[in-house]
Each structure stands twice: as C-alpha cells, then as structure tokens.
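Visitor: one predicted model, sequence on top.
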Amino acid sequence: MFMLSAFYRPHNEYCVAVSGSADWDLKISIAEAAKCFSNINVMKPKKIKKGYSTTVYHNYSLSRLTEYRPSIEWGSFEVINSTWACVELLAKTETKWMYYQQLSGVDVPLKTNLEMVKILKSLNNTVNSEVATFQNDRILSKQVGCHLGNQT
C-alpha cells in the first residue's frame, strides 16, 4: 500500500495484481482502496486446476473490472501474464491513458509523478527497456526427466 499511496493521483488509472500468497491484510487493504477509488483496478488470484488459467470478468465495487488470476510467483510466467492482463484490463477502461509503467511489490518510486511524466514525454513514444542475454544457469535446477511406461 505504501507504493500506491506514494504516487497515487486521481486522474491516473491503476491495476494491482495481488498474488494468492500475499498477506491477508494487504489483500483487504487493496480491496478497500478499490472500493473507495474508481481508478484502482484489482486483479484477484484464483486457484486454477491443472495450471490452466481462464479469464473471467465480472462487476466489482463501483462497476470496476476485476480479473481472477493464478498466484504470482517471482520468476514465473505468471509475472508476465499478470502484466499483460493489466494492460488488457486498462485498455478496456474509458480513460485515455498515454503511458504504462510497471512496478513490482518491492519497487520504490525514486521520481515524483510529475518527473516521470516529463521523462516519458521526452522518450517520445519509444520503449525504454533492457534486453539481456538469457542466463542459461537459471534453468539447470528446473530440468526434468521423462518417464515412459513401465521400465523393468
């Protein structure tokens, strides 16, 4: 909640993806903020059978869209999936937003909202992202073997 309160502006739209593993008090606080502020959109987690996710939209407080998502584990596909789902959700709002900025739960804003708008305007509709070589050692611990039928 600190991060949201640090840069909240009533004329901006916000999308918050809350992981199933998040503290219960945080979940309650985010849900209450969404009830109070119509520009806060919340994506709630949902346990999905067999790892498949489905997108279900329904009315939420103040008729805001809420999307149910699986738990978000750092380094998993769900981080990217939740980010994309937020972009889709924000694209369906009536607000004509110009910039999208993603922050994780551990990020702390180092610039004010006004400073960020100036920076984003100076980028002139370009994308500011880092591209790095894939770290092959990240998948070594996740390699799995395949077991085919009975082996005697």
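Guide: In hand now; what should we look at?

Visitor: any stretches of the chain with poor pLDDT?
Guide: 44-71, 138-152 (pLDDT under 70).

Visitor: which residue ranges of it form strands?
Guide: Counting by DSSP state E, the chain has strands at residues 14-17, 40-45, 57-59, 65-69.

Visitor: what sits against the residue lying closest to L120 once chain neighbours are set aside?
Guide: Excluding the flanking residues, the one nearest L120 by Cβ to Cβ, 6 or more residues apart in numbering is Y99, at 4.6 Å. Quick note: C-beta positions are derived from backbone N, CA and C, even for glycine. Contacts were defined as Cβ atoms under 8 Å, 6 or more residues apart in numbering; by that measure Y99 touches 116-117, 120.

Visitor: out of those residues, list just those in helices.
Guide: The subset of these located in helices under the criterion DSSP state H comprises 116-117, 120.

Visitor: where exactly do the helices run in this structure?
Guide: 2-7, 24-36, 77-91, 113-122.

Visitor: contacts for the shortest one, please.
Guide: So the one you mean is helix 2-7. Helix 2-7 is contacted by residues 14, 16, 30, 33, 40, 103, 105, 107-109, 112-113, 116 when judged by Cβ under 8 Å, 6+ apart.

Visitor: can we see that at 7 Å?
Guide: Outside helix 2-7, the residues that touch it by Cβ atoms under 7 Å, 6 or more residues apart in numbering are 14, 33, 103, 107-109, 113.

Visitor: quick one, which of those are buried?
Guide: The neighbour-count test (16 or more other Cβ atoms under 10 Å) applied to the contacts of helix 2-7 identifies 14, 33 as buried.

Visitor: dump the contacts of helix 2-7 to a markdown table, plus distance to N125.
Guide: Formatted as a markdown table, these follow (distance: Cβ to Cβ, whole Å):
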| residue | distance to N125 |
| --- | --- |
| Y14 | 22 |
| A33 | 31 |
| L103 | 21 |
| D107 | 23 |
| V108 | 27 |
| P109 | 22 |
| N113 | 19 |
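
Visitor: picking up where we left off before, now the buried members of the contacts of Y99.
Guide: Buried members of those, scored by 16+ other Cβ under 10 Å, are L120.

Visitor: just the contacts of Y99 now: which is nearest L90?
Guide: Within those, the smallest distance to L90 is 15.3 Å, found for L120 (Cβ to Cβ).
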